[in-house]
Every structure is written in structure tokens, then in C-alpha cells.
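Undergrad: Next come a sequence and a model predicted from it.
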Amino acid sequence: MTFNEQTAEPYLFVGEFHRTIDEKGRLTIPASWRPKQIKFNDVFFLGLPTPDGNISVYPPKMIEQLEARISQVSIGDVEGQKAITELMSMAHSFTCDKQGRINLNDHLIHYAGISKGVVLVGKLSTFSLFSNEGFEKFQSSYSEDPSTKAAIFQRFGL
């Protein structure tokens with residue numbers, strides 16, 4: 001699967017949205033985040049567990065970039081290959097249906113501690129899914145110090 005920049009519209013994931021996940025693991029994503037193509041089920045997303053206990057969701061363009069980086073890991077890099085194997089064994093690919101829902105597998109739902117409530121947070125080129133509790137924990141860990149925030153933004157040229 002590859003991303004064709006000439007036929008697919010760019011994704012811009014920004015904002016914070018609170019949703020509920022249904023009993024089948026389906027979650028409605030914001031309308032502004034949905035694929036604009038007529039055939040929603042032709043656009044694949046990739047859900048990956050993050051070290052801090054949430055789920056990072058990659059759209060096609062970011063999947064292609066991830067694939068390029070992973071393909072550069074030498075087969076002789078045993079630690080790198082183990083890390084890729086572990087990460088990809090927990091990954092899940094999915095599409096967006098006509099109602100704007102994505103379907104998460106049980107493994108990712110359990111990993112992120114999602115029971116019913118889900119917080120979607122845009123990160124420009126990707127987005128994260130948190131349980132309500134996980135998002136509260138994330139928010140409480142974020143520094144309120146303006147100089148700390150300024151230093152972090154400087155790292156990104158902002």
C-alpha cells in the first residue's frame with residue numbers, strides 16, 4: 001500500500017475531541033479528519049501502541065514514511081529488528097467506513113485502557129487516542145511552566 005499524493009487529500013489533525021467507543025470497537029472520528037475520497041474503505045490507517053500507553057494513528061502518508069524508515073533497519077541490527085517485530089505485532093491497520101468510524105482491535109483497546117470514553121488529540125500529521133483516564137494523566141504530566149513550554153516550542157522552530 002502506498003500513498004499517492006496526487007489523488008489523496010492531505011490530512012490535518014488538530015484539536016481535541018471526546019467520543020465513545022461502541023461494543024464492536026468502533027469509534028467515530030471528527031468529520032474534518034475523515035478521508036475525502038468517495039471510497040472510504042480504500043484509505044488505510046495504522047494504529048500503533050505508544051510507550052506511554054495510548055494509541056498513535058498514522059494516515060497513509062505517514063505510513064509510507066514509517067515504512068521507509070523501518071526498511072532502513074539492517075537485518076543485522078538484532079535490537080532494531082526485535083523492536084520492529086514487537087511494535088508491528090501490536091499494530092492494527094483499519095479503514096474509515098461511510099459513517100466516519102474506525103474499528104480498533106481488542107488488543108489496542110486493552111493496551112490503552114479504553115473502556116467507553118476516548119479522547120482524540122490531533123498532532124498535525126497523526127492523531128492519538130487516549131482513554132479518559134490516560135488523557136487526564138497525560139494532562140497532569142504536562143508542564144505549566146511557560147519557560148519550559150517556550151524551550152520545547154523552540155526545539156521545533158516555533
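TA: On my side now, so go ahead.

Undergrad: State the distance from the most centrally placed residue in the chain to Gln72.
TA: The residue lying closest to the centre of the chain (C-alpha atoms, centre = their mean) is Val57, at 1.6 Å. In this view, Val57 and Gln72 are 23 Å apart by C-beta to C-beta, to the nearest Å. Glycine gets a C-beta too; all of them are placed from N, C-alpha and C.

Undergrad: Likewise for Ile84?
TA: Distance, Ile84 to Gln72, by C-beta to C-beta: 11 Å.

Undergrad: So between those two, which is more surrounded?
TA: Ile84 (15 against 8; other C-beta atoms under 10 Å).

Undergrad: secondary structure class for the more buried one?
TA: Secondary structure assignment for Ile84 (DSSP: H, G, I helix; E, B strand; the rest coil): helix.

Undergrad: I figured it hits Ile70, correct?
TA: Yes. Using C-beta atoms under 8 Å as the test, Ile84 is close enough to Ile70 to be in contact (5.7 Å).

Undergrad: so where do the helices sit in this protein?
TA: Secondary structure of the chain (DSSP state H): helices at 60-71, 78-90, 106-111, 132-141, 146-155.

Undergrad: Of those, which is nearest Ile21?
TA: helix 106-111 (7.0 Å; C-beta to C-beta).

Undergrad: Would you indicate which residues of that closest one are buried?
TA: 108-109, 111 (16 or more other C-beta atoms under 10 Å).

Undergrad: same check, this time on stretch 94-109
TA: Under the neighbour-count rule (16+ other C-beta under 10 Å), stretch 94-109 has 94, 96, 100-104, 108-109 buried.

Undergrad: repeat for stretch 20-37
TA: Per 16+ other C-beta under 10 Å, stretch 20-37 contains these buried residues: 21, 25-30, 33-35.

Undergrad: do stretch 50-57 as well
TA: Using 16+ other C-beta under 10 Å as the burial criterion, the residues of stretch 50-57 that qualify are 54-57.

Undergrad: between those residues, which is nearest Phe135?
TA: Asn54 (8.0 Å).

Undergrad: which residues sit in contact with Gly15?
TA: 30, 32, 121-122 (C-beta atoms under 8 Å, 6 or more residues apart in numbering).

Undergrad: switch to 10 Å and redo it
TA: 30, 32-33, 120-122, 127 (C-beta atoms under 10 Å, 6 or more residues apart in numbering).
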